[in-house]
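>>> sequence and predicted structure, then a few things I'm wondering about:
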Amino acid sequence: MSARVILLTGPSGSGKTSLLRAVGAQRLKLDDFYRDGDEPGMPLLDGSVSGAQGASRDEAMGAIDWDDPRAWDAQRAMAAITELCAHGTAQVPIYSIPDNATRGSTRLDIGTAPAFVAEGVFAAELIESCRAAGVLADALVLRRPRLQTWWFRLRRDLAERRKPIHVLLTRGLRLSRQEPAAIAGWRAQGCRAVGRAECARIIAAHIAPSSAPS
């Protein structure tokens, strides 16, 4: 087995998950590699970090900056990617966003797919590691009109009860204001910015059997 990975990032609510479902790509959910909210050293919205005792449940809901890469375990995510590329299967965590905690694990099997997608807002953090490991097929950032992203993110988060409503509204407005800078940052890290149709075509080409590396 020798698969490669397509790193897919984009603003929360930009439609990454629904696109991958439509294309039929095997998906590694990078959101499942968030650190638990009560861990020490979590980044806070005021610019500090949580202390040795970690954050309380209430603090984890409203005070942790979940859009800071330090809230996420890049090393563990990279280990899962390399295992999937080498063996086609890996044990991966199951993360509960409402609980701000890992709630078990599951085995992800990509079968004989020549490529799979590692998807999440922190995917660009793994570009250099994947390139150095020789497993990078592509790195993409999905974009669509900012108002659409804001609306779909809010509708999803309310339906899944991810956080209290006031937290979702505050975070949603902040992310919407920061979206152009975020996309520019992902492009600077090495992602190609693409619309939905182009993104689907690129991923479909990578996962086609004829694209398997020799």
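Thanks, I have the structure now. Numbering: from 1, shown residues only.
>>> show residues contacting the longest helix along the chain.
Taking DSSP state H as the criterion, the chain has its longest helix at helix 165-189. Outside helix 165-189, the residues within contact range by Cβ atoms under 8 Å, 6 or more residues apart in numbering are 9-12, 61-62, 66-67, 124-125, 127, 139, 141, 143, 146, 149-150, 153-154, 157-158, 162-163, 193. C-beta coordinates here come from the backbone N, C-alpha and C atoms, glycine included.
>>> then stretch 77-90?
1-5, 28, 30, 33, 91-92, 107-113, 116, 118, 122, 126, 129-130, 133, 135.
>>> among those, which ones are buried?
By neighbour count, with 16 or more other Cβ atoms under 10 Å, these hold 3-5, 28, 30, 33, 92, 108, 110, 113, 116, 118, 122, 126, 129-130, 135 as buried.
>>> tell me which of these fall in strands.
Among the buried ones among the contacts of stretch 77-90, DSSP state E puts 4-5, 28, 92, 108, 116, 118 in strands.
>>> which residues touch G111?
26, 88.
>>> one more: A60?
So, once contact is read as Cβ under 8 Å, 6+ apart, A60 ends up touching 37-38, 42, 100.
>>> hey, which helix or strand in this structure has the poorest pLDDT?
The helix or strand of the chain with the poorest confidence is helix 57-62; it has a mean of 73 (mean pLDDT, DSSP states H and E).
>>> tell me the buried residues in that one?
The neighbour-count check on helix 57-62 (16+ other Cβ under 10 Å) flags 59-61 as buried.
>>> chain center to that helix, what's the gap?
21 Å (Cα atoms, centre = their mean, to the nearest Å).
>>> same check, this time on stretch 127-146
11 Å.
>>> buried ones in that stretch?
Going by 16+ other Cβ under 10 Å, stretch 127-146 has these buried residues: 127, 129-130, 135-144, 146.
>>> contacts for that stretch next, please.
3-11, 14-16, 19, 74, 78, 81-82, 85, 115, 123-124, 176, 179-180, 183, 186-187, 189-196, 199, 202-203, 206.
>>> mind giving me the PyMOL select for those, buried ones only?
Typed into PyMOL, the line below selects the buried ones among the contacts of stretch 127-146, using 16+ other Cβ under 10 Å:
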select buried, resi 3+4+5+6+7+8+9+10+11+14+15+16+19+78+81+82+85+115+123+124+176+179+183+186+189+191+194+196+199+202+203+206
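>>> pLDDT score assigned to S129?
Note for S129: predicted pLDDT of 98.
>>> ok, it to Q178 distance?
25 Å (Cβ to Cβ, to the nearest Å).
>>> pLDDT weak spots in this structure?
1, 211-214 (pLDDT under 70).
>>> direction included, what does the helix or strand hosting A193 pair against?
Under the criterion of DSSP states H and E, A193 resides in strand 192-194. In the sheet, strand 192-194 lines up against strand 136-142 (parallel) (DSSP bridges).
>>> and the angle for the partner strand with helix 165-189?
Angle, strand 136-142 to helix 165-189, by axes from the mean of the first three to the mean of the last three Cα atoms, to 10 degrees: 130 degrees.
>>> report the angle between the axes of strand 136-142 and strand 115-119?
40 degrees.
>>> and after strand 136-142, which helix or strand comes next?
helix 146-160.
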